[in-house]
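Asks: below are the sequence and a predicted model for it; my questions follow.
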Amino acid sequence: MSSSAASDSRALLSVRELRTHFNVGDHAVKAVDGVSFDVQEGKTLGIVGESGCGKTVLSRSIMGITTASNASTSGSVTYCGTELAGKSKRELRKFWGEEMAMVFQDPMTSLNPVVRIGRQLTEHLRAHKDLSKSEANDLAVQLLTWVRIPEPKERLSNFPHQMSGGMRQRVCIAIALACSPNLLFADEPTTALDVTVQHQILNLLAQQQQERQMGMVLVTHDLGVVATRTDDIAVMYAGKFVEKASTSALFSGMRHPYTQSLFWSIPKTSEPKHTRLSAIVGRPPNLAALPPGCSFADRCPYVQPICREVEPELQTIDSHSFACHLPVGSSDAEAALSANISAGLPQSKGAAARREAHQGTLT
């Protein structure tokens, strides 16, 4: 994952300084604010962050499907050397489906509730491929078989409400993979699914990616999901990336307090039953009126005056990028945490307790 300003010509996808703002009255909601990254063929980038941090808007902006009339997007999005930014919806249609596709967050809203599954699959196929109706039906059955839906031929006549949540999500994956895209965006693909089904869906995506050598962007709020399923991770907060690194580097040495707080909030199987879950204090900032300095300052256990005054730049050390004045693990951060605990700041005491309770690595 390159941090250079210039696009990587070898990358499947290169995004540079992408911004998507929504004009609301006299204010601009900065949903995505200067994001840059690369995705290589066959590799997976995990984008992690709380709800409202801009993950979904980022994915939709890259694909050019941000439909709000008050949205304005700038920056560069290069796919296989072709600049997509600025192209019309009509020009982008030839990329949707055949080159890049998306698995949306909620299958009940992304699937048409009054149209049978078979028609939703075959319409997509016939729109992009020169297939007869019978050929499209045969391929639809094959797709449902690939995503491990039992009795696939009979399921073509089902409506979405006649299927379970896990099966609906499998149908969405089948539709996204129908035209063999080179790049797949999976936007919270396991939301509202139980743990067993979540595991099955993630395994299915990993298998299909390996077989097809797709690049994939996996969007989630859970660091536990991306721990073993991504090559690189970008942590997003308030419309920006606050930390980027390879998955192994990030978990062996988190540098941003927000990333550390997300890690602390993961329930651990080693803890006793009924152990109180660790939550990040406070709320994300208002994207229409961001405070000066670091946007995480009000929630950070290491916060110092400089954090509220000067916005930290995204710096890169040994291919590990982070935007923090007091990176986790530094002597300055430890001194700041001790000072905040001595001053009686509640979140700092909570951070010390969470750190003690979460010593070690992911299990």
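Replies: Nice, I can see it.
Asks: what does the lowest-mean-pLDDT helix or strand in the chain contact?
Replies: When each helix and strand of the chain is scored by mean pLDDT, DSSP states H and E, helix 346-357 comes last, with a mean of 75. Taking contacts as C-beta atoms under 8 Å, 6 or more residues apart in numbering, the residues outside helix 346-357 that touch it are 261, 264, 271, 278, 281-282, 299-302, 337, 340-341. All C-beta atoms are positioned from the backbone trio N, CA, C, and that covers glycine.
Asks: mind picking the two most distant members of those residues?
Replies: Based on C-beta to C-beta, the longest span within the contacts of helix 346-357 runs between Glu271 and Asn340 and measures 25.2 Å.
Asks: which element follows the longest helix seen in the chain toward the C-terminus?
Replies: Secondary structure of the chain read by DSSP state H shows that its longest helix is helix 195-212. Heading C-terminal from helix 195-212, the first helix or strand you meet, by DSSP states H and E, is strand 215-220.
Asks: quick check: what element follows that following strand along the chain?
Replies: Taking DSSP H and E as the definition, the helix or strand that follows strand 215-220 towards the C-terminus is helix 223-226.
Asks: export that next one to PDB, keeping only CA atoms.
Replies: As requested, the backbone C-alpha atoms of helix 223-226 are provided in PDB (Å, rounded to 0.1, in the frame of the first residue of the first chain):
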ATOM      1  CA  LEU A 223     -10.800  -5.300  13.800                       C
ATOM      2  CA  GLY A 224     -11.400  -8.900  14.600                       C
ATOM      3  CA  VAL A 225     -12.900  -9.500  11.200                       C
ATOM      4  CA  VAL A 226     -10.000  -8.200   9.300                       C
END
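Asks: ok now it, how far from the chain's centre?
Replies: Taking C-alpha atoms, centre = their mean, to the nearest Å, one finds the center of helix 223-226 at 11 Å from the center of the full chain.
Asks: before we move on, the earlier item: list the buried residues in the least confident helix or strand of the chain.
Replies: Residues of helix 346-357 classed as buried under the neighbour-count rule (16 or more other C-beta atoms under 10 Å) are Gln347, Ser348, Gly350, Ala351, Arg354.
Asks: distance of the second one from Pro301?
Replies: As defined by C-beta to C-beta, to the nearest Å, Ser348 lies at a distance of 5 Å from Pro301.
Asks: ok, now the third one?
Replies: Applying C-beta to C-beta, one obtains 7 Å for the distance of Gly350 from Pro301.
Asks: how about the strands of the stretch 51-200 of the chain, start to end?
Replies: Ranges of strands in the stretch 51-200 of the chain, per DSSP state E, counting those that start in this stretch, are 71-79, 82-83, 100-103, 183-187.
Asks: what's stretch 120-136 in contact with?
Replies: With contacts defined as C-beta under 8 Å, 6+ apart, stretch 120-136 is touched by 97-98, 111-112, 137, 139-140, 143-144, 156, 171, 174-175, 178-179.
Asks: likewise for stretch 256-275?
Replies: By C-beta under 8 Å, 6+ apart, the surrounding residues in contact with stretch 256-275 are 48-50, 222-224, 235, 237, 242-243, 250, 254, 277-280, 296, 299-302, 322-324, 326-328, 333, 351, 354-355, 357-358, 362-363.
Asks: now the residues you listed: which count as buried?
Replies: Among the contacts of stretch 256-275, those that count as buried by neighbour count (16+ other C-beta under 10 Å) are 48-50, 222-224, 235, 237, 242-243, 250, 254, 278, 280, 296, 299-302, 322-324, 326-328, 333, 351, 354, 358.
Asks: confirm that Arg16 sits in a strand.
Replies: Yes - Arg16 sits within a strand when classified using DSSP: H, G, I helix; E, B strand; the rest coil.
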